[in-house]
Each structure stands twice: as C-alpha cells, then as structure tokens.
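J.: sequence-free structure coming up:
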C-alpha cells in the first residue's frame, strides 16, 4: 500500500511540475486546429493549454491578454512556460510580452508568423467583407500604418520560427514577393532577436498539423534549436 501511494504521489509531482505549453491558433481559426499538436506534446510529457479565443472580435492588444492570461493561470506555478503559435497567435505573444515579464518563460515557437506583416492584408484589407470576416485584428496584420507587427520591435525571448514555402492559393501567393506559404512570405516571418529560423515545404493553413513540423516544434522546445536534416 505504501509503495502504491508513493508511486501515485510521484506521478502527481511529475505532472504538476511538467513544463507548460500554451498553444495559440491563428486568425479566424479555433483551438481544434491545434489538436494534433496538443496530442503530440502531451505524449512528450508537456502539460498543454490549447487556447480558444475570438480572434476576429477585438484588436490584437485586447486579444493578447484575453487569450494568454487565463492559460497562464492554468499552468502550474512552478512550471516553465512555453508558447507554440500559429500565424497571428505569434503576434499575440509578441504583444503580450512587450508589456509583461514572465519569470518562468522558457521557449517560444512560431509557425508561419507575420512578424513583419503580410502583403495579402495590404492588398485585400480595403475590399468589402475583409474586415467583416477577419475583424480589426486582421487589419492589423498588414505592413502599413495599422500594422501591429511593425510596432513591436525586436524580441527579447528565446524564439524559434518555422516558415513555409508551399501554397494552396495561387492568387494570394501572387500578391506576396518571394517564397511564401500562401499567406506570409518567408522573409516576413523573421524578426530581429530570434534564436533560430527554419524553412520547410509546408503550407500556411496546415503546417501546424504536419508531422515533420510537429517534430521540429518538439525538437526546439527540448533543445533550443531546430534539426536541419529532418526539415525536408
């Protein structure tokens, strides 16, 4: 009986102090888009908070604390905190960390982030229906005067970025100079101060479900760098 109790307490301690990973989905998506990533991370022993937030209802500066703070409250107080984001989720993290310091912050991995804005928003932002579908936050993801990414500056945390080079939308890709994932150019995923940057042959809408991308996310969270020979 004593042995069983010791085992139960040990399992509880390991779970309670496991590193916490907060997942943030992209614009006009839901947390279900991050389910495959959540399952993989939990199998690796991470505690995962897969956040759902109304990405089209508010500006980025309102969405950031609205999405992140409840998730932080569900992470164990002693646990290291990591973020894994898709698309606009990365901008929410940059916005939040520009105003808050997290003592337990460990690593951040961004998938297809518009870190320098997206030219697609520049081209389509004034079209009827764009703001209705994408909200005020969507209009903040361009490269012009409303651009939130351009206001945030360099990052001062441990960041790895994965960019895609394949597209399922030829029309949108035609609006973007250079290699892109259908929404964001490889160049514009970069941000000053990042620790590592990896380019993979994946598309923007589905990169967070790609097995090789998920493997690279786990690689970065555990080792602080991507593994080049597994990127193709």
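T.: Received it, and whenever you're ready, just let me know what you need. Everything numeric in this text was worked out from a predicted model, so none of it was measured. Numbers count the residues shown, from 1 in each chain.
J.: not counting sequence-adjacent ones, nearest residue to the spatially most central residue of the chain?
T.: In the chain, the C-alpha closest to the average C-alpha coordinate belongs to residue 85, at a distance of 1.1 Å (CA atoms, centre = their mean). Ranked by CB to CB, 6 or more residues apart in numbering and with sequence neighbours excluded, the top spatial neighbour of residue 85 is residue 24, at 4.4 Å. In this view, the C-beta of every residue, glycine as well, is placed from N, C-alpha and C.
J.: same check, this time on residue 228
T.: Closest residue in space to residue 228, ignoring its immediate chain neighbours: residue 198 at 7.5 Å, by CB to CB, 6+ apart.
J.: confirm that neighbour sits in a helix?
T.: No: remark: residue 198 does not belong to a helix; assigned using DSSP: H, G, I helix; E, B strand; the rest coil, it is strand.
J.: my guess is it contacts residue 213, does it?
T.: No: using CB atoms under 8 Å as the test, residue 198 is too far from residue 213 to be in contact (9.1 Å).
J.: neighbour count winner among those two?
T.: Between residue 198 and residue 213, counted using other CB atoms under 10 Å, residue 213 has the larger neighbour count: 23 against 20.
J.: which SS class is that one?
T.: Looking at residue 213 with three-state DSSP, the answer is helix.
J.: quick one: it and residue 53, what's the gap?
T.: Relative to residue 53, residue 213 is positioned 22 Å away (criterion: CB to CB, to the nearest Å).
J.: just to revisit the earlier point, bridging residues for the residue nearest to residue 228?
T.: On the basis of DSSP bridges, residue 198 takes part in beta bridges with residue 162.
J.: what of residue 110?
T.: Here residue 110 sits in beta bridges with residue 85, residue 161, as judged by DSSP bridges.
J.: residues contacting residue 117?
T.: Contacts were defined as CB atoms under 8 Å, 6 or more residues apart in numbering; by that measure residue 117 touches 141, 142, 143, 144, 147, 149, 150, 188.
J.: what's the neighbour count on the third one?
T.: Pointing back at residue 143 there. Here the count is done by other CB under 10 Å, and residue 143 has 16 residues near it.
J.: do the last one as well
T.: Taking other CB under 10 Å as the neighbour definition, residue 188 ends up with a count of 23.
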